[in-house]
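> Sequence and computational prediction follow.
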Amino acid sequence: MNRRVFTDLEIGGALRDLEAGVRLPEVCARLGVSERTVNRWRREARTPEQHGAASLGLVLLSSDQAAIRSDALERNLDALRLVLHTLLDDEELERGARLIEARCRISAQRARRLLGLAPVNARVAQAREPAPVRQLAQLARELS
């Protein structure tokens, strides 16, 4: 069987996907390589002076450049959240969070955070019940 040679852009794309939160088995399956190979690419990317970050398609940023880029990305994400909250009602945002969770295979909390939704826990879910349902539940507890 012939060994496939991956381009620098393919390797860099795989490493960027991993940094973005895509799971290792998914990246490996998409490229048809073992986890060991991807981990070797990661190791080589961490030592740019030996292997050359440019050869992996990676761009090294200074801490100032990284902070500026991070701030810009955060502002863009905030603007996107604002647009989504303006155009969609709460039910549609909830469906969107579930879709992001399933498609991106991330946790429900992370998907909700991306959309700017509050985390869901038992207390929050209970507080969202309509008032008559809460009153009936309280009445049932008092009667029992």
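Arrived safely, thanks for sending.

> rest of the way, CA atoms for contacts and neighbours
Will do.

> And for the residue positioned nearest the centre of the chain, nearest residue in space, chain neighbours not counted?
When Cα atoms, centre = their mean is applied to the chain, the residue found nearest the centroid is Gly21 (5.3 Å). Setting aside the residues directly before and after it, Gly21 is nearest to Ile106 in space (Cα to Cα, 6 or more residues apart in numbering), at 7.8 Å.

> Could you report the neighbour count for that neighbour?
15 (other Cα atoms under 10 Å).

> Now do the residue nearest to the centre of the chain against Ala137, distance only.
Distance of Gly21 to Ala137, computed by Cα to Cα, to the nearest Å: 41 Å.

> repeat for Leu9
From Leu9 to Ala137 the distance is 58 Å (Cα to Cα).

> Isn't Leu24 up against Asp17?
No. The pair Leu24 / Asp17 is not scored as a contact, 9.0 Å apart, by Cα atoms under 8 Å.

> need the contact list for Gln109.
Pro119, Val120 (Cα atoms under 8 Å, 6 or more residues apart in numbering).

> For the helix or strand containing it, list the C-alpha coordinates in CSV.
Here Gln109, judged by DSSP states H and E, is contained in helix 108-114. Taking Å, rounded to 0.1, in the frame of the first residue of the first chain, the C-alpha atoms of helix 108-114 are listed here in CSV:
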residue,chain,number,x,y,z
ALA,A,108,-24.2,21.4,25.9
GLN,A,109,-22.7,24.0,28.2
ARG,A,110,-20.1,25.0,25.6
ALA,A,111,-22.7,25.2,22.8
ARG,A,112,-24.9,27.4,25.0
ARG,A,113,-22.0,29.6,25.9
LEU,A,114,-21.2,30.1,22.2
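
> Now Gly32. Its backbone dihedrals?
phi 70, psi 40 (degrees, to the nearest 10).

> Run a quick neighbour tally on Ala111.
When counting by other Cα under 10 Å, one arrives at 22 neighbours for Ala111.

> What separation do you get for it and Gly96?
9 Å.

> do the same with His85
Counting by Cα to Cα, the gap from His85 to Gly96 is 11 Å.

> And for Ala14?
26 Å.

> Compare the two (neighbour count), which wins?
Ala14 (22 against 17).

> what's the pLDDT at the more buried one?
Note on Ala14: pLDDT of 90.

> Noted, bye for now.
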